[in-house]
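A.B. asks: Provide a 3D model corresponding to the input given below.
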Amino acid sequence: MSVLCKADYEVKIAETRDERMQWWREARFGMFVHYGLYSELGRNEWVMALENYDVEQYKKLANSFCPREEAPREWAKLAKEAGMKYMVLTTRHHEGFSLWDSKVNPYNSVNYGPKRDIVKEFVEACREYDLKIGFYSSLMDWQHPDGGRCAYDSEARKRFNDYIKELNRELMTQYGKIDILWYDVPRPMESHEGWNSLELNQMVRELQPHIIINNRSKLDEDFGTPEEHITAEDRDWEACMTFNGISWGYIDSDQVLPYSYTPQQIIRMIRKVTASGGNLLLNVGPKPDGSLPKEVIEPLNKVGKWLIENGEAVYGKKDKGNDRVVNVSGVCQAICENNKCYVLNIIWPKDQRLVLAGIMDAQLKTVRLLKDSSPIDFKQVGHRIILDLPVKNPDENVGIPVFELEFDQQPNYARCSYYPPLHGGKIYKP
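C.D. replies: Numbering: from 1, shown residues only. Below is the predicted model of the structure:
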């Protein structure tokens, strides 16, 4: 295979990016699954490094690692019920243990523990529940003898890069069509040249022409990956978030529950990424037997029920970047698209009067409750819109109803002013 230079490669993949990314741009919400030997210890997925485990001592975990056969179906079922559109599995984390039948890496789930191909079970579960398939692939490997040496030994670097390349060749050839390749932690090398990423990723794309690749092999590729924060980028991007702010891998459910996300917090994250043109990849860390921890099940089920009623406000490509300028109320958040504004009311007004401001240069035509299309009475006075609401919050699931406002044309949205207009403040347009 001839390898294109960086400039030519980037031009080539840009030509097909819109077509390859279309489903992803509409998906908005996916599930990250961090699962590996570290799940048995329940003290963070970096436990091997953080607690200075000896490689041979840590490898003993591989013999007792035994996920339930139905575990991947349980992950996929919950993802589907939660309204997620894709899943990404840690096929091999930094600990170096492969969850598939690898000939390149004998340290895997077929030779040890369950004697099963967990990646294959994951792929089958995704297809059963009509979810797009993502493979997480660590570039760092703590158990490989060249994993650290490759930073200063050219022969070790060649051996290690060949190892990483062949691992990814297996993933790209053994399971049919794969939708996402999600690299992680390009250490200890500091450049795409150090990883031979141009050669590696061109091989991947030759084997999987429709795949999308993240930016963690030191090339920009198809999408950015802000981690543990939701920060919009001037490109396609995906915020990857733990479920608790502590660990990607499993930790004790009873103790982590107070730190875990509520349905309301998850919906606000979905709103924020959607309004800013991104996606949310929300993580779950299965227990040692592969079952889902209890703190993730109820919140995700409630989010899924909310999305059944309000998904129109989330799925699909919205107007990128509006989140930076839209301030409609102190108790509401908005998602905007063309001549429509979807308003998520997070605190229900006790006087049944919801005032929205800063929406300019358009005449409001209709307001409806998104879940059932029931009309909402309103008045538009200058830069203020006043909604007359029922006594009871209509969202019985999580308490966040969504109102769809339709205008005669695309509005302008004001930035927040420090002073109201009647007291000398100015309305600032973006």
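A.B. asks: for burial, what's the neighbour tally of Glu155?
C.D. replies: Residues lying near Glu155 (other Cβ atoms under 10 Å) number 10. Where C-beta positions appear, they are placed from N, C-alpha and C, glycine not excepted.
A.B. asks: secondary structure element for it?
C.D. replies: Using DSSP states H and E, Glu155 maps to helix 154-173.
A.B. asks: in that helix, what's buried?
C.D. replies: Residues 156-157, 159-161, 163-165, 167-168, 170-172 are the ones in helix 154-173 that count as buried (16 or more other Cβ atoms under 10 Å).
A.B. asks: what do you get for stretch 47-61?
C.D. replies: By 16+ other Cβ under 10 Å, the buried positions in stretch 47-61 come out as Val47, Met48, Tyr53, Tyr58, Lys59, Leu61.
A.B. asks: which other helices and strands does the helix holding Glu155 contact?
C.D. replies: In this structure, helix 154-173 packs against strand 132-138, strand 180-184, helix 192-195, helix 197-207, with contacts taken as 3 or more Cβ pairs under 8 Å, 6 or more residues apart in numbering; DSSP states H and E.
A.B. asks: for the ones you listed, which one sits closest to Met1?
C.D. replies: Nearest to Met1, of all those, is helix 197-207, at 6.4 Å by Cβ to Cβ.
A.B. asks: show me what the closest one is packed up against.
C.D. replies: Helix 197-207 sits against helix 6-27, helix 154-173, strand 212-213, with contacts defined as 3+ Cβ pairs under 8 Å, 6+ apart.
A.B. asks: quick one on the thing from earlier: make CSV out of the buried residues of helix 154-173 and add distance to Met140 and pLDDT.
C.D. replies: Formatted as CSV, the buried residues of helix 154-173 follow (distance: Cβ to Cβ, whole Å; pLDDT from 0 to 100):
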residue, distance to Met140, pLDDT
Ala156, 14, 96
Arg157, 14, 96
Arg159, 15, 97
Phe160, 10, 97
Asn161, 13, 97
Tyr163, 12, 98
Ile164, 10, 98
Lys165, 15, 98
Leu167, 12, 98
Asn168, 14, 98
Glu170, 18, 98
Leu171, 16, 98
Met172, 20, 98
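A.B. asks: want to throw the helices and strands packed on helix 197-207 into JSON lines with distance to Gln265?
C.D. replies: Shown next, in JSON lines, are these (distance: least, Cβ to Cβ, whole Å):
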{"stretch": "helix 6-27", "distance to Gln265": "20"}
{"stretch": "helix 154-173", "distance to Gln265": "33"}
{"stretch": "strand 212-213", "distance to Gln265": "27"}
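A.B. asks: who touches stretch 70-80?
C.D. replies: Under the criterion Cβ atoms under 8 Å, 6 or more residues apart in numbering, residues 30-31, 33, 87, 118, 121-122, 124-126, 128-131, 284, 286, 289-292, 296-297, 300-301, 304 lie in contact with stretch 70-80.
A.B. asks: any quick ChimeraX command for the buried ones out of these?
C.D. replies: Provided next is the ChimeraX selection string for whichever of these are buried by 16+ other Cβ under 10 Å:
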select :30,31,33,87,118,121,122,124,125,126,129,131,284,286,290,291,292,296,297,300,301,304
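A.B. asks: quick revisit: out of the helices and strands packed on helix 154-173, nearest to Thr366?
C.D. replies: strand 132-138 (34.5 Å).
A.B. asks: what packs against the closest one?
C.D. replies: Partner elements for strand 132-138 (3+ Cβ pairs under 8 Å, 6+ apart): helix 6-27, strand 29-33, strand 86-92, helix 118-128, helix 154-173, strand 180-184.
A.B. asks: go again with 6 Å.
C.D. replies: Judged by 3 or more Cβ pairs under 6 Å, 6 or more residues apart in numbering; DSSP states H and E, the packing partners of strand 132-138 are strand 86-92, strand 180-184.
A.B. asks: report the strands that pair with the shortest one, each with its relative direction.
C.D. replies: In the sheet containing strand 180-184, the strands it pairs with under DSSP bridges are strand 132-138 (parallel), strand 212-213 (parallel).
A.B. asks: in JSON lines: those, plus mean pLDDT, mean neighbour count and distance to Val343.
C.D. replies: Below are the strands paired with strand 180-184 laid out as JSON lines (pLDDT from 0 to 100; neighbours: other Cβ atoms under 10 Å; distance: least, Cβ to Cβ, whole Å):
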{"stretch": "strand 132-138", "mean pLDDT": "98", "mean neighbour count": "24", "distance to Val343": "30"}
{"stretch": "strand 212-213", "mean pLDDT": "98", "mean neighbour count": "24", "distance to Val343": "32"}
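A.B. asks: what's the closest of these to Pro390?
C.D. replies: Nearest to Pro390 among these is strand 132-138 (38.5 Å), distances taken as Cβ to Cβ.
A.B. asks: returning to that earlier point: would you mind putting the strands paired with strand 180-184 into JSON lines with distance to Phe403 alongside?
C.D. replies: JSON lines is the format used below for those (distance: least, Cβ to Cβ, whole Å):
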{"stretch": "strand 132-138", "distance to Phe403": "31"}
{"stretch": "strand 212-213", "distance to Phe403": "34"}
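A.B. asks: low-scoring pLDDT stretches of this structure, where are they?
C.D. replies: Scanning the chain with the threshold set as pLDDT under 70 gives 319-326, 415-430.
A.B. asks: center of it, which residue is that?
C.D. replies: Nearest to the mean C-alpha position of the chain, by Cα atoms, centre = their mean, lies Leu281 at 1.3 Å.
A.B. asks: show me what contacts that residue?
C.D. replies: Residues near Leu281 by Cβ atoms under 6 Å, 6 or more residues apart in numbering: Gly30, Phe32, Glu238, Cys240.
A.B. asks: identify whichever of the helices and strands packed on helix 197-207 lies nearest to Met203.
C.D. replies: Per Cβ to Cβ, nearest to Met203 of those: helix 154-173, 6.6 Å.
A.B. asks: before we move on, the earlier item: nearest to Gly42, of the helices and strands packed on strand 132-138?
C.D. replies: Closest of the helices and strands packed on strand 132-138 to Gly42 is strand 86-92, at 15.8 Å (criterion: Cβ to Cβ).
A.B. asks: what's in contact with the closest one?
C.D. replies: 27, 30-34, 36, 79, 98-99, 119, 122, 126, 131-132, 134-136, 138, 182.
A.B. asks: repeat that for 8 Å
C.D. replies: Residues from elsewhere that reach strand 86-92 (Cβ under 8 Å, 6+ apart): 24, 27, 30-36, 75-76, 79, 98-100, 105, 119, 122, 126, 131-138, 141, 167, 171, 179-180, 182, 281.
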